[in-house]
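J.: Quick one, what's the 3D model for this:
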Amino acid sequence: MTSTATPVSNIPEKFREAMSAFPSGVTLMTTTGPDGEPRGFAASSFCSLSLDPALVLVCLAKTAQCHDAFLQNDQWSIQIAGAAHIDLINRFSTKGVDKFGGGEFLPDHRGVPVLLDAAVLIECEAHERYDGGDHTILVARVIEVDLDDRPAVLYFQREFRHLDHQMAEGDFR
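T.: From the prediction side, this is the model:
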């Protein structure tokens, strides 16, 4: 692999392009604001952190309209989105739109909006919050998990994709 130096002014653009080469799932993270209204965002920056205790982390842009709600409320839900949720993911990724206007979410027993047909639903609560540059790193303690057999959607090279087949043994090159 040939290495070429990247001018400092091009690093954000090149970094964004480099990260698009890493496939990831897409999550919808939800909570409620101090007014009781649902708040949420879409994130591909999600991963498991610890098994004991069960912890996950999600990164939230400090410029997100829902940022303060996730600082003020410790009750969260994480929905791993499926292929049927691409329009919903786009809505959750857009500032200034009614993310919950489509009726896909219902409040759970804590009042947190949940997507009932998510591929995976993770009920969680705040464990820690950390500064992460232009993002806040939200670390959540998992308190309940609901699994479905729906395939999750992937985000790769700035496009949504889904797995439409299983790889046969030996297909991994």
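
J.: From now on I want contacts and neighbour counts done on CA atoms only, so please keep to that.
T.: Fine.

J.: same question for the lengthiest helix in the chain, mean pLDDT?
T.: Among the segments of the chain that qualify as a helix by DSSP state H, the longest is helix 11-20. Averaging pLDDT along helix 11-20 gives 76.

J.: Ok, stretch 37-48 next?
T.: Across stretch 37-48, the per-residue pLDDT values average to 94.

J.: Go through it and flag the buried ones.
T.: For stretch 37-48, the neighbour count (16 or more other CA atoms under 10 Å) marks P38, R39, G40, F41, A42, A43, S44, F46 as buried.

J.: I'd like to know which of those are part of strands.
T.: P38, R39, G40, F41, A42, A43, F46 (DSSP state E).

J.: biggest separation within those residues, which pair?
T.: By the measure CA to CA, P38 and F46 form the most distant pair in these, at 20.4 Å.

J.: and which of the buried residues of stretch 37-48 is nearest to F156?
T.: S44 (10.0 Å).

J.: Within the sheet, what are the partner strands of the helix or strand hosting S48, with directions?
T.: Using DSSP states H and E, S48 falls within strand 46-50. Strand pairing for strand 46-50, determined by DSSP bridges: strand 55-61 (antiparallel).
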